[in-house]
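>>> I would like the atomic coordinates for the input below:
(chains A and B)
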Amino acid sequence: MLSNLNDIELVRLFKEDKNRDQIFTIIVKRYQERIYWQIRRLVVSHSDADDVMQNVFIKAWNGLDQFREDAKLFTWLYRIATNESLTYLEQAKKKSSLSFDDMSETLSDKLHSETDFDEKKAVWKLQLAIQQLPEKQRVVFNLRYFEEMPYEEMSEILETSVGALKASYHHAVKKIEEYILNH
Amino acid sequence: MTNHHPIQSELSAISPLLAEMPKSTPFVAPEGYFNQFSNRILAKIEAQETEKEVLSPLLQSLKKENPFSVPPAYLQEFKVNDTPKEAKVIPLFNLKAVLNYAAAAAVVGIIATFATLLFSSEEKGTIAKASEETVISADAFDLFLTETESIEEDEIENFEEENQSLLVQMDANMVSEILSELPENEISTYVDLIKNEDPNTMN
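Residues are numbered from 1 along each chain as shown, chains lettered A, B, ... in the order given. You can find the predicted model right below:
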């Protein structure tokens, strides 16, 4: 059964042009939720997350032939997802000529428009705090805090040193704590 | 309560407040989103592939063929060079370049100095030439002014009279001597001229 195959075997079959649609469907179903939530925490709204999701998996389909098996498939997909999310936010900023502060305000507005939003609740307050962070710091925080990803794996995704990631996470946590205490 | 989870321990160390907060995302995905996503994405990919085939069937058929080949056993025998290549050292401050620039600047400076001197000496020459033509030095001019200021009107009149009397002192012998040298017709022409100007003269 194809769904029992590991990532390396799936990629090999894909490259051999055997049952591509079926194999790709297995890969999508295997990682779609984790990728979706990583994107959603960055872009906030579902419709934006859906756009980015589609871009990510179309890029994955187009790039899977050249994918080198020395890296993990999930790490590769996460890297595409992070880059696509940041690109999406950058394009949104350019389209509306927003500064960084304006962008975080826009993301906060999107949070406010979410169903069941209640800023008194800790989970929403945390999300508001996260949206105040610079984009890269937000990525690091989300991967470490929500995904509980090891720094070494994060370093492969973000192509940043472990030391820099640790420092970034430390600063992010401190800023979030300060926001929560003051609001 | 000791926390054995390293990520949780790390969080507790940085922010006990955040470590105590519930770790959940409040976002909600639409119902059935994940069930349908794979079908939606495949449909989109199929549309993309069809579009590529329509635009260029030739390119679509070629894309999976790799024309390149690797020499036999190349990958098995491939080795990283053990001797590290010495990195090229590029000095921040290149003395040679600075000396070259200094030499060039010196040559330009010398040429500019000569040009300035030459230009200024030509100018001086022109001024000197102009000065020669005009002759008078500043001291001489000052003296002239002083002298002319001290000359009184009486002296000017006396000078004029003296000069006139000089002419009157010419005697008749001298005049007849001069006239004898002149042709007669010229003398008569001159007399006629004088008469026309002032009839009282020569009478």
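>>> give me the contact list for the strand or helix carrying B:A43.
Using DSSP states H and E, B:A43 sits within helix B:33-55. For helix B:33-55, the external contacting residues (CB atoms under 8 Å, 6 or more residues apart in numbering or on different chains) are A:21, A:24-25, A:28-29, A:32-33, A:36, A:50, A:53-54, A:57-58, A:61, B:59-60. To be clear about C-beta, it is placed using only N, CA and C from the backbone, and glycine gets the same treatment.
>>> from A:I157, how far off is the most centrally placed residue in chain A?
Nearest to the geometric centre of chain A sits A:Q38, at 3.3 Å (CA atoms, centre = their mean). Distance, A:Q38 to A:I157, using CB to CB, to the nearest Å: 10 Å.
>>> so what sits against both of those two?
With CB under 8 Å, 6+ apart as the test, A:Q38 and A:I157 both reach A:Y78, A:T82, A:L143.
>>> re earlier: please tell me how far the residue nearest to the centre of chain A sits from B:A97.
A:Q38 sits 51 Å away from B:A97, going by CB to CB.
>>> cool, and A:D50?
Counting by CB to CB, the gap from A:D50 to B:A97 is 58 Å.
>>> higher neighbour count, the two?
In this view A:D50 and B:A97 are compared by other CB atoms under 10 Å in any protein chain shown, and A:D50 has more residues nearby, 19 against 10.
>>> which residue is the nearest non-sequential neighbour of the more buried one?
Among residues not flanking A:D50 along the chain, B:Y33 sits closest, at 7.8 Å (CB to CB, 6 or more residues apart in numbering or on different chains).
>>> what's the neighbour count on that neighbour?
17.
>>> where along chain A do the helices fall?
Under the criterion DSSP state H, chain A carries helices at the ranges A:7-15, A:20-43, A:46-63, A:73-95, A:100-112, A:122-131, A:135-145, A:151-158, A:162-182.
>>> next, see if stretch A:144-158 gets close to chain B.
Yes: using CB under 8 Å from any CB of the partner chain, we find that stretch A:144-158 touches chain B at A:R144, A:Y145, A:F146, A:E148.
>>> for the residue nearest to A:D50, give its distance to A:T25.
Distance of B:Y33 to A:T25, given as CB to CB: 16 Å.
>>> what residues does chain B have near chain A?
Proximity of chain B to chain A, by CB under 8 Å from any CB, involves residues B:7, B:11, B:14-15, B:17-18, B:21-30, B:33-34, B:37-38, B:40-42, B:44-45, B:48, B:64.
>>> just the buried subset of those, please.
Buried by 16 or more other CB atoms under 10 Å in any protein chain shown: B:7, B:11, B:14-15, B:18, B:21, B:26-27, B:33, B:37-38, B:41-42, B:45, out of those.
>>> in chain A, which helix or strand is least confident?
Within chain A, no helix or strand scores below helix A:100-112, which has a mean of 68 by mean pLDDT, DSSP states H and E.
>>> one more: chain B?
Lowest by mean pLDDT, DSSP H and E among the helices and strands of chain B is helix B:153-168, with a mean of 57.
>>> what about B:V70, how many neighbours?
When counting by other CB under 10 Å, one arrives at 8 neighbours for B:V70.
>>> please read the previous query as pertaining to B:G109.
Residues near B:G109, counting by other CB under 10 Å: 10.
>>> can you check A:K110 too?
Using other CB under 10 Å, A:K110 is surrounded by 16 other residues.
>>> residue contacts, A:D70?
For A:D70, the contact set (CB under 8 Å, 6+ apart) is empty.
>>> shaky segments in the chain?
You didn't say which chain, so I picked chain A. A:97-105, A:115, A:119 (pLDDT under 70).
>>> hmm, no, I was thinking of chain B.
B:1-4, B:58-66, B:82-85, B:121-138, B:141, B:144-172, B:174, B:178, B:181-182, B:194-203.
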